[in-house]
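**Q** take a look and give me a structure for this.
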Amino acid sequence: MKTCKVLYNGISYEAEEGENLGAFLRERGLQIFICGGHGKCGKCRLLCRGDLSSPTDREKTVLSKEELGSGVRLACQAYITGDCEIISDDQIKAEIKVDGNMPDINLSPAYEKYGIAVDIGTTTVALRLYNKNGVILSEQSAYNTQRAYGGDVVTRMEAALKGDGEKITEAIRKLLCELTSAASKDAGISANDIDGAVMTGNTVMLYFLTGTDTEPLTHAPFDAKRLFGEAVTAKSIGLDVLQADTKIYLPPCISAFVGADITCAVISSQIYKNGGIAVLTDIGTNGETVLNHNGSLYACSTAAGPAFEGAGISCGMSGSVSAIDRVRVLPDGALDVHVIGGVKPAGICGSGIVDAVASLLQTGAIDETGYMEDEETVISPPVVITQADIRAVQLAKSAIHAGIKTLLSHAKIKCDDVDTLYIAGGFGSYLDVKNAGKIGLIPNGLTERVKVLGNASLTGASAVLLSKELAKTAKELAKSVKTVELAANPVFADEYMKNMMFE
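**A** Numbers count the residues shown, from 1 in each chain. The predicted model follows:
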C-alpha cells in the first residue's frame, strides 16, 4: 500500500493511499463530525490541495460551486489518493464556562496532596486542580474530542455499535491526560502528586470513560446496568498520567439519561436542602430537569438536540472567537450583533441563536408559526438564519419547555408556584433570559425567577471532591429522585405540540 504525505495546518503526517480523509483526521483528534461523518451537516469543511478523490454527489449538494472550485471539501466524503495539504480554520479556543456557585461545605478532601474535579460534557470538558486547603491552582478546558464521532450521545452510541467504541473511549482518556498534565504544569507540580479525583458527566459519557458497553442504552427499555457512585483506579480507566492506584470517584447517575452531571448540579444548587418549590434545568442536548417539591425530587430528560450548542444550524458554531453571541433590534429595525473577539463573524452560537430568533419575531421576519417568507434572513454577513434553522430551534425549545411543564404537572403545581428556576450549564450562563422567554424556551412566569448557576456540574464535582460527606449525600440524592418518563406521557406530548409555536 502506497504511503502518502498529508500536511495538516503545517504539520506533516503519513497516511495510506485510499484512506478516508475524515477517518484519518478523526483518529488523530484533528477534526470533529457533528453528524458522525455521514455528510449531512457540512460542518467538516476543509480547504484541500493535492491528490484527493473527486467530489461526491453529497458534496455537490452541500457545497457551492464556488466552494468546490476553491478546493473546499467535506472531510468525511474525501479519500486520500496521494500527497495533499489540508488547511483548517478550527484553531480557535472556545469560551468554555468553568465557574459556578460553590455551596457551603465542611472541608474534608478526598485526597491528601492534590485533587482534580472534572466535568465530562458532551461538547466540552472542564477540569479544576485543588491543593489540600481547597484552593484552586489551575482550571483547564477543551472541546470533547469525542465530537469526532458525533455531536450528541445518540450519534456516538451509533458509532460505538459500528465498532468505534474503543476509539471513543480512548479519545476521552487521552484528553483527560492532556488536561491533567496542563493543569499540573500550570500549577508547578507533578501529576504524580495528584492523589484523588472526582469525574462527573452524563451516563453515556461515564460509560465511554470506563469502557462500559453502551448498547443497552440504545434501545428500550434503556436499562442502565451501571449507575456508578463508585471509585475506580486511574489505571483501570487508562489515565496513565496519574499514579496507577489513584482513586477516581464517579458520582451516581439518577437514570440512563439523567446522569451524574445532574446529581452534581443538584449538589451545587442545593435545591435539595432548601424548602419550597424549585426547578433546576440544564439546557443542552439532553435537556435534563429536576424539580424539588417540598422535599420530593422529580427528574426527566428530553432529547432537545444540539441546536442550542450551535450544531444542526446552517451557520452554527460553538461559543468561540468569531461567533455571534448577541443579537438585538435597533430603533430603525436593523439588526445589531456582538461577535466574540470583536472580529468579523464566521457563525452564530447558542445564545446568539436565541437572540436572533427573538429579534426576527420582533421585526416580523418570522411569524408565530415560525414561517419565514424568505428562505433565509441575513443576521450579519455572511451569517444567515434559514427556515430549517427556525424549525430546529422550535423543536429544541419546545422539548425543554414541555419537559419543565410535565414535571410541574406531575407534581400538580403550576409555574406561579415555583420559587426559583435554576439554569445550569455553559449555554445558560450566556443566555438572555428575556429572549429565552420570548421564544418559549422558558415557560411564561418563570423568567423573573431565574438564577444562573454556571457550570454547576463541575462545581458539584468540586464540592464532592472537597467534602467526603457530600459523596454520601450524592448517593442518597440519586436514589431518592423519582424519574418521570416522557416518551409515552400524554402531558409531554400535548405541551410539546402546543409550545411549538412562538407565542
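
**Q** hey, where'd the helices end up in the protein?
**A** 21-27, 57-62, 65-70, 153-159, 165-187, 203-210, 260-269, 350-363, 387-410, 426-430, 433-438, 456-466, 468-480, 490-498 (DSSP state H).

**Q** and those helices: which comes nearest Asp282?
**A** The closest of the helices of the chain to Asp282 is helix 260-269. By C-beta to C-beta, the value is 6.3 Å. Using the backbone N, CA and C atoms, a C-beta is placed for each residue, glycine as well.

**Q** low-confidence ranges, the chain, go.
**A** 9-11, 29, 31-36, 88-101, 310-311 (pLDDT under 70).

**Q** so which residue is dead centre in it?
**A** Thr123 (3.4 Å; C-alpha atoms, centre = their mean).

**Q** with respect to Thr246, which of the helices of the chain lies nearest?
**A** helix 165-187 (10.3 Å).

**Q** which strands or helices does the closest one pack on?
**A** strand 114-120, strand 124-131, strand 136-143, helix 153-159, strand 194-201, helix 203-210 (3 or more C-beta pairs under 8 Å, 6 or more residues apart in numbering; DSSP states H and E).

**Q** among the ones you listed, which comes closest to Met497?
**A** Closest approach to Met497 among the helices and strands packed on helix 165-187 (C-beta to C-beta): helix 153-159, 22.2 Å.

**Q** now do that closest one: which elements does it pack against?
**A** Using 3+ C-beta pairs under 8 Å, 6+ apart, helix 153-159 sits against helix 165-187, helix 203-210.

**Q** now do the domain split for this structure, please.
**A** Domain segmentation of the chain under automatic domain parsing yields 3-87, 114-271+458-470.

**Q** how near is Ala399 to Asp261?
**A** 18 Å (C-beta to C-beta, to the nearest Å).

**Q** of these two, which one has the most company?
**A** Asp261 (32 against 23; other C-beta atoms under 10 Å).

**Q** surely the more buried one and Thr285 touch.
**A** No: using C-beta atoms under 8 Å, Asp261 makes no contact with Thr285, being 11.7 Å away.

**Q** got any residues that touch both of those two?
**A** Shared contacts of Asp261 and Thr285 (C-beta atoms under 8 Å, 6 or more residues apart in numbering): none.

**Q** can you put the helices of the chain in TSV and add distance to Val6?
**A** Below are these laid out as TSV (distance: least, C-beta to C-beta, whole Å):
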stretch	distance to Val6
helix 21-27	7
helix 57-62	19
helix 65-70	19
helix 153-159	23
helix 165-187	19
helix 203-210	27
helix 260-269	37
helix 350-363	33
helix 387-410	33
helix 426-430	33
helix 433-438	43
helix 456-466	36
helix 468-480	46
helix 490-498	46
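
**Q** returning to that earlier point: just say which of the domains of the chain is most tucked in.
**A** Across the domains of the chain, averaging neighbours per residue (mean count of other C-beta atoms under 10 Å) puts domain 114-271+458-470 on top, at a mean of 21.

**Q** endpoint to endpoint, that domain covers what distance?
**A** This stretch, domain 114-271+458-470, spans 18 Å end to end (C-alpha to C-alpha, to the nearest Å).

**Q** show me how far it is from its chain's centre.
**A** 14 Å (C-alpha atoms, centre = their mean, to the nearest Å).

**Q** burial of the residue lying closest to the residue nearest to the centre of the chain once chain neighbours are set aside, as a residue count?
**A** Once flanking residues are discounted, Thr123 sits nearest to Glu309: 5.4 Å by C-beta to C-beta, 6 or more residues apart in numbering. Residues near Glu309, counting by other C-beta under 10 Å, number 30.

**Q** related to what we said a few turns ago, now distance to Ser429 too, for the domains of the chain, in TSV please.
**A** What follows is those, written out as TSV (distance: least, C-beta to C-beta, whole Å):
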stretch	distance to Ser429
domain 3-87	22
domain 114-271+458-470	12
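
**Q** tell me which of those domains sits nearest to Gly347.
**A** domain 3-87 (9.8 Å).

**Q** now the closest one: how far from the chain's centre is it?
**A** With C-alpha atoms, centre = their mean, you get 25 Å for domain 3-87.

**Q** over to stretch 105-119?
**A** Centre to centre, stretch against its chain (C-alpha atoms, centre = their mean), the figure for stretch 105-119 is 25 Å.

**Q** next, the distance between the ends of that stretch.
**A** 19 Å.

**Q** name the nearest residue to Cys415, ignoring sequence neighbours.
**A** Gly445 (3.8 Å).

**Q** let me see the contact set for the one you found.
**A** Applying C-beta under 8 Å, 6+ apart, one finds that Gly445 lies in contact with 414-416, 418.

**Q** my guess is Lys434 contacts Thr447. True?
**A** Yes: between Lys434 and Thr447 there is a contact under C-beta under 8 Å: 6.2 Å.

**Q** okay, these two: which has more neighbours?
**A** Thr447 (17 against 13).

**Q** contacting residues for that one?
**A** 433-434, 436-437.

**Q** out of those, which end up buried?
**A** 433, 436-437 (16 or more other C-beta atoms under 10 Å).

**Q** can you tell me how far the closest residue to Ala78 other than its chain neighbours is from Glu158?
**A** What sits nearest to Ala78 in space, not counting adjacent residues and going by C-beta to C-beta, 6+ apart, is Leu21, at 4.3 Å. According to C-beta to C-beta, Leu21 stands 21 Å off from Glu158.

**Q** one more: Asp186?
**A** Taking C-beta to C-beta, one finds Asp186 at 37 Å from Glu158.

**Q** please apply the same query to Asn144.
**A** 17 Å.

**Q** again with Gly352
**A** 29 Å.

**Q** list the buried residues in stretch 390-398.
**A** Buried-residue list, stretch 390-398, by 16+ other C-beta under 10 Å: 390, 392-398.

**Q** export it to CSV, keeping only CA atoms.
**A** Below are the C-alpha coordinates for stretch 390-398, written out as CSV (Å, rounded to 0.1, in the frame of the first residue of the first chain):
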residue,chain,number,x,y,z
ILE,A,390,-36.0,28.1,12.8
ARG,A,391,-37.6,24.6,12.7
ALA,A,392,-34.6,23.2,14.6
VAL,A,393,-35.0,25.9,17.3
GLN,A,394,-38.7,25.2,17.6
LEU,A,395,-38.1,21.5,18.2
ALA,A,396,-35.4,22.2,20.8
LYS,A,397,-37.2,24.9,22.7
SER,A,398,-40.4,23.0,22.7
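
**Q** and that stretch, how far out from the chain middle?
**A** 17 Å.

**Q** can you list contacts of that stretch?
**A** Taking C-beta under 8 Å, 6+ apart as the rule, stretch 390-398 contacts 287, 304-305, 307-308, 312-313, 353-354, 357, 360, 366, 370, 372, 439-441, 495-497, 499-500, 502.
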